[in-house]
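> have a look; sequence and predicted model below, questions after that.
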Amino acid sequence: MAESFDYVIVGSGSAGSVLATRLSEDPEVRVLVLEAGGTNKDFRVYMPAANSLAFGNTKFDWCYYTEPQPHLANRRIFWPRGRGLGGSSAINGMIYIRGNARDYDQWRQLGLEGWAYGDVLPYFKKAETRTSGGDAYRGDSGPLKTGTAGNPQAIDHAFVEACLQSGLPKCPDFNGAGQVGANLLDFTIADGKRSSVARMYLGQASGRPNLDVRTGSFVHQLIIENGRAVGVRYQRDGKVMEARADREVLVCQGAIGSPQLLMLSGIGPADDLKALGIDVKADLPGVGQNLQDHLNIPVQFTCPDPSATFDRWQRPDRALFLGASYFLSGGKWGPGGNAFWSAGAFSPGESDEPDFPKFQVFFTPMGVKEDPATYKKSAFPGFQLDINQMHPEARGWMKLRSTDPTDHPILEPNYLTEERDRREFIEAVKWGREIVRQPAFDRFRGVETSPGEDAQTDEEILAGVARGACSGYHPVGTAKMGVESDPLAVVNKDLQVRGIEGLRVVDASVMPILVTGNTNAPTVMIAEKTADVIRGRAPLPRAEV
């Protein structure tokens with residue numbers, strides 16, 4: 001006998017946790033959250049410096065891989081996605097970036113009323129408490145705690161200074177009036193612990209009698225009757241169970257999990273579903289299409305001063321000191337309570353749009369190399385500029401590999417299949433080299449190891465990109481939000497699935513266009529805004545900035 005709730009939320013990630021918290025504020029509704037992973041109450045999640053121990057660990061990470069990429073030396077590219085309470089906010093780099101105002105104005109220009117920057121800024125502010133206080137752009141009373149990098153080193157400051165020497169301005173706030181420039185980054189870290197949505201949202205909602213959060217609950221299929229989503233079928237403790245939704249089912253499994261569940265439930269491209277023997281409930285060609293991701297090229301250098309780089313904490317005695325100081329002080333002392341990276345920059349590159357970044361760079365104060373056979377990563381004494389192309393022209397897709405819900409889908413991002421993307425990566429490498437040539441790096445600059453000092457022509461640089469590029473870990477777009485005339489639109493502006501009543505998708509998969517920067521904060525905003533829609537509330541007053 002199935003249990004009944006008002007809302008059934010599939011996934012407790014950066015969107016699901018927000019929805020669960022906001023919907024359960026109404027004591028008259030019953031909310032069920034089903035999460036396939038665990039509680040994530042583990043030091044590898046909450047200790048910021050332990051990020052690499054959770055990343056790539058199947059206890060916390062789904063560990064997806066793309067299909068071999070012809071333009072990336074036929075390599076399969078690793079795509080981490082968070083598993084457990086908090087989703088990807090439990091394993092990400094904790095960098096807090098909202099995107100560019102123009103991103104959201106473009107969404108509105110696509111016909112998506114209510115998604116312009118002035119419309120979404122109030123929800124960004126609602127979600128945030130900035131440690132240094134709020135202003136016209138920043139929040140001061142929201143669940144997510146954000147603040148400037150807490151442990152910048154001399155080499156991080158050298159990066160910022162080198163950017164200024166190369167001609168970039170200093171950006172006072174990447175989440176403020178503009179993005180272009182260099183500075184220390186903001187992070188979702190509070191009191192020496194990761195400020196994940198599970199901790200900061202679900203944490204405040206725990207104990208509510210109308211909220212039921214069930215970990216270890218793998219949803220296999222949506223239950224659709226007479227064109228309406230009425231519940232889900234899931235497995236827990238070896239048993240197949242059902243949960244019914246009297247009002248709505250809310251799918252919040254991210255850019256891979258959400259379209260996969262839709263297709264398994266008969267919502268997607270009809271021909272593909274029929275080929276797998278799936279009964280078609282709604283023919284939506286856009287499910288799994290419009291896949292976008294930031295591709296990253298690490299421009300790497302050795303460092304003649306190994307005491308300046310963070311790989312030193314890999315030495316067993318130092319790792320022991322880092323852990324001991326963290327736990328003995330409750331995260332209040334030592335480097336363990338902060339991320340290992342601190343600085344970043346946005347650049348328009350060679351563009352006639354000086355206020356709209358073409359590239360984002362994260363400065364990593366250690367070199368990271370990947371074993372091509374095992375995909376395992378290790379650090380070496382050095383540093384790297386992780387340069388991400390912000391607006392790829394390439395569009396990829398994903399499809400079911402089989403009808404087995406545990407079988408990872410086929411992921412085809414089509415990296416570097418477009419000429420413009422390849423040109424921009426050549427430009428990115430040259431820009432990274434220009435930064436490192438600046439006087440601020442004289443003390444730290446060693447030998448370029450990737451793409452390598454021998455890579456001088458455009459063809460040689462592109463070959464180096466093919467060998468070394470990796471995902472920026474920001475897949476979006478596979479359940480695209482769009483107007484009725486858009487053939488690839490999966491959801492409308494209120495994130496309701498076309499052709500199926502009582503069903504919404506709320507996560508990064510609905511983004512029609514990839515934002516300029518990290519995707520976690522925008523996903524939280526999307527959920528905050530949609531919670532008001534679901535509850536029938538008027539939207540927050542539009543911001544005029």
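Now that the structure is in, tell me what you want to look at.
> shaky segments in the stretch 351-500 of the chain?
372-375 (pLDDT under 70).
> what residues are up against Q106?
Residues in contact with Q106, defined by CB atoms under 8 Å, 6 or more residues apart in numbering, are I513. To be clear about C-beta, it is placed using only N, CA and C from the backbone, and glycine gets the same treatment.
> which residues are in contact with R30?
With contacts defined as CB under 8 Å, 6+ apart, R30 is in contact with 4-7, 210, 212.
> ok, now how distant is it from R138?
35 Å (CB to CB, to the nearest Å).
> just give me how far stretch 182-195 sits from the chain centre.
15 Å (CA atoms, centre = their mean, to the nearest Å).
> which among the contacts of R30 count as buried?
5-7, 210, 212 (16 or more other CB atoms under 10 Å).
> export those residues to JSON lines and tack on secondary structure and distance to M94?
Listed next are the buried ones among the contacts of R30 as JSON lines, based on DSSP: H, G, I helix; E, B strand; the rest coil; distance: CB to CB, whole Å:
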{"residue": "F5", "secondary structure": "strand", "distance to M94": "32"}
{"residue": "D6", "secondary structure": "strand", "distance to M94": "33"}
{"residue": "Y7", "secondary structure": "strand", "distance to M94": "29"}
{"residue": "N210", "secondary structure": "coil", "distance to M94": "31"}
{"residue": "D212", "secondary structure": "strand", "distance to M94": "28"}
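> pLDDT for these - can I get that in JSON lines?
Shown next, in JSON lines, are those (pLDDT from 0 to 100):
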{"residue": "F5", "pLDDT": "98"}
{"residue": "D6", "pLDDT": "98"}
{"residue": "Y7", "pLDDT": "98"}
{"residue": "N210", "pLDDT": "98"}
{"residue": "D212", "pLDDT": "98"}
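> out of those residues, flag the one nearest to P48.
Closest to P48 out of the buried ones among the contacts of R30 is D212 (30.0 Å), distances taken as CB to CB.
> my guess is S52 contacts K376. True?
No. Counting by CB atoms under 8 Å, S52 sits too far from K376 to count as a contact (10.6 Å).
> between these two, which one's more packed in?
S52 (16 against 10; other CB atoms under 10 Å).
> other SSEs contacting the lowest-mean-pLDDT helix or strand in the chain?
Within the chain, confidence by mean pLDDT, DSSP states H and E is lowest for strand 377-380 among all helices and strands, at a mean of 84. Under the contact criterion of 3 or more CB pairs under 8 Å, 6 or more residues apart in numbering; DSSP states H and E, strand 377-380 touches strand 367-370.
> may I have the strands that pair with the strand it packs on, each with its orientation?
strand 377-380 (antiparallel) (DSSP bridges).
> related to what we said a few turns ago, please produce TSV containing the buried ones among the contacts of R30, extended by distance to S402.
Converted to TSV, the buried ones among the contacts of R30 look like this (distance: CB to CB, whole Å):
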residue	distance to S402
F5	30
D6	33
Y7	30
N210	37
D212	31
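> pick out whichever of those residues sits closest to T39.
Distances from T39 to those, taken by CB to CB, are shortest for D212, at 14.2 Å.
> name the nearest residue to the closest one, ignoring sequence neighbours.
Distances taken as CB to CB, 6 or more residues apart in numbering place L32 nearest to D212, at 4.9 Å, with adjacent residues excluded.
> and if you look at L222?
Nearest to L222 is S265, by CB to CB, 6+ apart, at 3.8 Å.
> how close does the one you found get to R401?
16 Å.
> any weak-confidence spans in the protein?
In the chain (pLDDT under 70), the answer is 1, 372-375.
> repeat the analysis, applying 80 as the threshold.
Applying pLDDT under 80 to the chain flags the ranges 1, 314, 333, 370-377.
> what separates the helix or strand containing R467 from the chain centre, distance-wise?
Following DSSP states H and E, one finds R467 within helix 458-468. Put simply, helix 458-468 sits 26 Å off its chain's centre (CA atoms, centre = their mean).
> go on, stretch 54-66?
Distance, centroid of stretch 54-66 to centroid of chain: 14 Å (CA atoms, centre = their mean).
> next: stretch 346-359.
Chain-centre distance of stretch 346-359: 22 Å, with CA atoms, centre = their mean.
> what's the answer for stretch 522-534, then?
Taking mean C-alpha positions (CA atoms, centre = their mean), stretch 522-534 and its chain are 16 Å apart.
> where do the helices of the stretch 251-400 of the chain begin and end?
Assigned by DSSP state H, counting those that start in this stretch, the stretch 251-400 of the chain shows helices spanning 254-264, 270-275, 316-328.
> remind me what the first one packs against, helices and strands.
When you say that, I think you mean helix 254-264. Checking 3+ CB pairs under 8 Å, 6+ apart, helix 254-264 ends up next to strand 218-225, strand 239-251, strand 397-399.
> which one of the ones you listed has the most crowded surroundings?
strand 397-399 (a mean of 22; mean count of other CB atoms under 10 Å).
> that one pairs with which strands, parallel or anti?
Counting by DSSP bridges, strand 397-399 is paired with strand 410-412 (antiparallel).
> show me what counts as buried in the strand it pairs with.
411-412.
> what comes into contact with that strand?
Contacts for strand 410-412 (CB under 8 Å, 6+ apart): 64-67, 79, 256, 291, 396-401.
> tell me which of the helices and strands packed on helix 254-264 lies nearest to V436.
strand 397-399 (36.3 Å).
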